[in-house]
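**Q** Give the three-dimensional model of this entry:
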Amino acid sequence: MKPLLSALAFLLELAMLAAAGWWGFTLDTGWPVRLLAGLGAPLLIAVVWGTFCSPKAAVPLPAPAKLAVQAACFVTGGALLALAGRPVPAVLLVALWAVDKALLSLAGDPV
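**A** All right, here's what the predicted structure looks like:
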């Protein structure tokens, strides 16, 4: 069960990055801004995730702080997707992450 939940967590992380990119590329502005936002938003989230949340994080955090950063990244991804006009997938993204994270915790996986 734990490998399946971990795989789902990874897929949700990719979906979070895709949501941020979707927002940027659907902005109602010129193509240079859309390109910058569409590539920059996921890159920024990926840098934050890699710095604080990845298994080889450059800045290891205590479990509650790491969970807070993860939640902030997913809420940001969900908010950007909602701003792009996709509120239902945005809520599903954040809700699925929360359920997956809770099930992983029950399975004994650290944050």
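
**Q** what does stretch 56-75 contact?
**A** With contacts defined as Cβ atoms under 8 Å, 6 or more residues apart in numbering, stretch 56-75 is touched by 12, 16, 45, 48-53, 93-94, 97-98, 101, 110-111. To be clear about C-beta, it is placed using only N, CA and C from the backbone, and glycine gets the same treatment.

**Q** any idea which residue of this structure is furthest from its center?
**A** Most distant from the centre of the chain: G30, at 25.9 Å, with distances by Cα atoms, centre = their mean.

**Q** Kindly list the main-chain dihedrals of that one?
**A** phi -70, psi 160 (degrees, to the nearest 10).

**Q** Quick check: the gap between it and L36.
**A** 10 Å (Cβ to Cβ, to the nearest Å).

**Q** Then R86?
**A** The gap separating R86 from L36 is 21 Å, by Cβ to Cβ.

**Q** More neighbours: these two, which one.
**A** Shown here are R86 and L36; by other Cβ atoms under 10 Å, R86 has more neighbours (18 against 14).

**Q** For the more buried one, which non-adjacent residue is closest in space?
**A** Leaving out its chain neighbours, the residue that sits closest to R86 by Cβ to Cβ, 6 or more residues apart in numbering is W22, at 7.3 Å.

**Q** Now for A90, how many residues are close by?
**A** Neighbour number of A90 under other Cβ under 10 Å is 21.

**Q** picking that back up, can you say which of the contacts of stretch 56-75 are buried?
**A** Buried by 16 or more other Cβ atoms under 10 Å: 12, 16, 45, 49, 52-53, 93-94, 97, 101, 111, out of the contacts of stretch 56-75.

**Q** would you list these in TSV and tack on pLDDT?
**A** As requested, the buried ones among the contacts of stretch 56-75 are exported to TSV (pLDDT from 0 to 100):
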residue	pLDDT
L12	98
M16	98
I45	98
W49	97
F52	97
C53	94
L93	98
V94	98
W97	97
K101	96
V111	66
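
**Q** can you tell me which of these are in helices?
**A** 12, 16, 45, 49, 52, 93-94, 97, 101 (DSSP state H).
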